[in-house]
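**Q** starting from these lines, generate the structure:
(chains A and B)
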Amino acid sequence: MINLLNRPVTRLFLVGLLLLAVQTTLLTEMKFFGIIAQLLLALSITTGLVGGSESGALAGFVLGLMFDLVLTSPLGLSALVYACAGWGAGYFHSRTLANPKWLDCLVTGILSGVATFALAVVANVIGVEGWLSGRIIKVIIVVACVNAFSAFVFIPISRWCLAIRREQRISPPAELFL
Amino acid sequence: MPVYSVSRRRSIAILALTSLLLMTLDLQGNSIVGGVRRLFGAIFEPVQGSVRVVTRPIENAWNGITNYGELEAENQRLQDQLDQQEGSFIAALATVRDAQELLALNGIDNLADISSVTAQVIGDSASNFSQTVEINQGSKRGLRVGMPVVNAAGLVGKITWVEENRAIVLLANDVLFGAPVQVVNQAEVVPPTTSTTTTSSTTTTSSTTTTTSTTTIPVTGTTLFGTVTSTLVASPTTVDLSGIDFDRLSTTTIGTIVTIAPGSTSAGPSTTIDINNLSAAETGIFRGRGLDAAPIVEFIDQNSRFGEVRVGALIFTSGGSSSLAPRGIVIGRVIKIVERTGTSGAVLEVRLSARLQSLNFVRVLLYQPVATAIP
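**A** Numbering: from 1, shown residues only, chains lettered A, B, ... in the order given. Predicted coordinates:
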């Protein structure tokens, strides 16, 4: 049982479930300029930043799928976009030698904005019209800013989820040598 | 940290393809997807409930800090609105009663006949794009997917997901919301016209001429409360209009009843319905367009009797055997008419009657159309 709980996927699922509950209760009331922060997207990206592109893609897929399951939007839409965002974060991580905190926050913010825009574009492609409107600019800016700041909190959480130890963290990523 | 043994590119490709497959299945209404949603809902509900209890004080504190000034101003505005509407409410009650009697006489269902369940809104959408709310009643109280949700002002949305003790309501301004509607032009108030008939009666001692004036007020969609009569003896005709409250005429909108006072004062006002003067209604499709755009009505039939749609025209659900909403639920008013070239017809922009941003209690009508009703 302990072994099961220590597995990255299990930890990620449990943390995701908790964040999803916070997102669907507290954050629907605590809006920033009328926009809801996207915690699951932030966690997907930070998981990619600390664990690499594969971990980021898997985390994004699982978290996005969980989010889709409680929304009325098509199932798989957030999963696709979050997986791509997590993969993108991991790809960025593999291209840098050092990841200072400010850079992680900046990348989280930028990728959050891009993912929010991509979400509306993909929705439009599959026939859900109306998401691509003037309001999306405000949504992108607010989500990017909030997620950038939340990266300070989510990067340690992601490390815990992926069970990354200190010695692994301070060594260069394995992808660097591929 | 190696999580997968498969190659990086293959893993992202598999995840992307899985997502696309899920989207396709969901858009086709696959029952497996519904089952998965239901299963996840069962796992998630207790977690969400616990988190809601824990975070409620934080929510309240946040709302207290950020919305206090707004709430105070809103309270003042609502108080003013309440005072203004008190008078017209009494008139509306009488009109509603008349309308219900007429509907009953004609064997037409009306909203008063439909059972409903009152529910409290307990959560908003967690997405920045979907317009949904969560309510605290579910299948245990008879709620089903597709049932219309209303509040005192009008249509709020429809149920799109039901669990045992909660349900998700898709709001009327969501891009996925659509409903067949009727567009009814508001009545125009025309100044009253007076026709005069003269009768004579003779006695042995004197001759008296009695002039009876009957005032017909050609207002469509209005019930007049009061009779207009005057009895004069050998004098020019005068008309007493004090019995009519013309202010009320502009606010009453349903039905077309013209009250004509009889010449004598013995009987009460008689009511006749002039079919030719009934308000014509156009049908169309109502569609939400998200938070930052007004909902629209499109695909409006061209009916020569209806004429031009005017700004301020009322939008109601049209009902029908396949419509998810019964006939007669108020949706809103036309605020803008966008003409389009060709055969596509005009598009009407609508202001919703219900304020969807501040919902608290709503009513779910336990209505299912004939086409989908479970026996």
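**Q** C-alpha only now, for contacts and for neighbours.
**A** OK.
**Q** out of the helices and strands in chain B, which is least certain?
**A** One helix or strand of chain B scores below all others by mean pLDDT, DSSP states H and E: strand B:258-260, with a mean of 29.
**Q** hang on, residue B:42 in a helix?
**A** Yes - Residue B:42: assigned to a helix according to DSSP: H, G, I helix; E, B strand; the rest coil.
**Q** ok, it to chain A distance?
**A** Counting by CA to the nearest CA, to the nearest Å, the separation of residue B:42 from chain A is 11 Å.
**Q** and that residue, how far is that from residue A:13?
**A** In this structure, residue B:42 lies at 15 Å from residue A:13, with CA to CA, to the nearest Å as the measure.
**Q** what sits against residue B:125?
**A** With contacts defined as CA atoms under 8 Å, 6 or more residues apart in numbering or on different chains, residue B:125 is in contact with A:24, A:28, A:71, B:131, B:132, B:133, B:134.
**Q** out of the residues you listed, who's the most crowded?
**A** Counting neighbours by other CA atoms under 10 Å in any protein chain shown, residue B:131 comes out on top of those with 27 neighbours.
**Q** SS state for the residue in the stretch 251-375 of chain B that chain A sits nearest to?
**A** Taking CA to the nearest CA, chain A has its nearest neighbour within the stretch 251-375 of chain B at residue B:289, 5.6 Å off. In the three-state summary, residue B:289 is assigned as coil, counting by three-state DSSP.
**Q** ok, and the closest non-adjacent residue to it?
**A** Spatially, and ignoring its direct neighbours in sequence, residue B:289 is nearest to residue B:175 (4.6 Å; CA to CA, 6 or more residues apart in numbering or on different chains).
**Q** swap in residue A:78?
**A** When the adjacent residues along the chain are set aside, residue A:78 lies closest to residue A:64, with 4.7 Å between them (CA to CA, 6+ apart).
**Q** which element, helix or strand, includes the one you found?
**A** Applying DSSP states H and E as the criterion places residue A:64 in helix A:53-70.
**Q** just residue A:123 next, same as before
**A** Secondary structure (DSSP H and E) places residue A:123 in helix A:101-125.
**Q** over to residue B:146?
**A** Here residue B:146, judged by DSSP H and E, is contained in no helix and no strand.
**Q** ok, back up a step: mind giving me the packing neighbours of the helix holding residue A:123?
**A** Here helix A:101-125 touches helix A:39-51, helix A:77-94, helix A:135-161, going by 3 or more CA pairs under 8 Å, 6 or more residues apart in numbering or on different chains; DSSP states H and E.
**Q** now those in JSON lines, with mean pLDDT and mean neighbour count?
**A** Formatted as JSON lines, the helices and strands packed on helix A:101-125 follow (pLDDT from 0 to 100; neighbours: other CA atoms under 10 Å in any protein chain shown):
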{"stretch": "helix A:39-51", "mean pLDDT": "91", "mean neighbour count": "30"}
{"stretch": "helix A:77-94", "mean pLDDT": "88", "mean neighbour count": "27"}
{"stretch": "helix A:135-161", "mean pLDDT": "90", "mean neighbour count": "20"}
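**Q** and of the ones you listed, who's closest to residue A:58?
**A** helix A:77-94 (6.4 Å; CA to CA).
**Q** the closest one relative to helix A:101-125, how many degrees between them?
**A** Angle between the axes of helix A:77-94 and helix A:101-125 is 150 degrees (criterion: axes from the mean of the first three to the mean of the last three CA atoms, to 10 degrees).
**Q** mind saving the C-alpha coords of helix A:77-94 as CSV?
**A** The C-alpha trace of helix A:77-94 is given here as CSV (Å, rounded to 0.1, in the frame of the first residue of the first chain):
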residue,chain,number,x,y,z
LEU,A,77,-9.9,18.7,-24.9
SER,A,78,-8.1,19.9,-21.8
ALA,A,79,-6.2,16.6,-21.7
LEU,A,80,-4.7,17.2,-25.1
VAL,A,81,-3.8,20.8,-24.4
TYR,A,82,-2.4,20.2,-20.9
ALA,A,83,-0.3,17.2,-22.2
CYS,A,84,1.2,19.4,-24.9
ALA,A,85,1.9,22.2,-22.3
GLY,A,86,3.6,19.7,-20.0
TRP,A,87,5.6,18.3,-22.9
GLY,A,88,6.6,21.8,-23.9
ALA,A,89,7.8,22.6,-20.4
GLY,A,90,9.8,19.4,-20.3
TYR,A,91,11.3,20.2,-23.7
PHE,A,92,12.3,23.7,-22.4
HIS,A,93,13.8,22.1,-19.3
SER,A,94,16.0,19.8,-21.4
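**Q** for that helix, name the packing helices and strands.
**A** The contact analysis (3+ CA pairs under 8 Å, 6+ apart) places helix A:77-94 against helix A:39-51, helix A:53-70, helix A:101-125, helix B:8-27.
**Q** now the helices and strands packed on helix A:101-125 as CSV including distance to residue B:147?
**A** As requested, the helices and strands packed on helix A:101-125 are exported to CSV (distance: least, CA to CA, whole Å):
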stretch, distance to residue B:147
helix A:39-51, 31
helix A:77-94, 26
helix A:135-161, 30
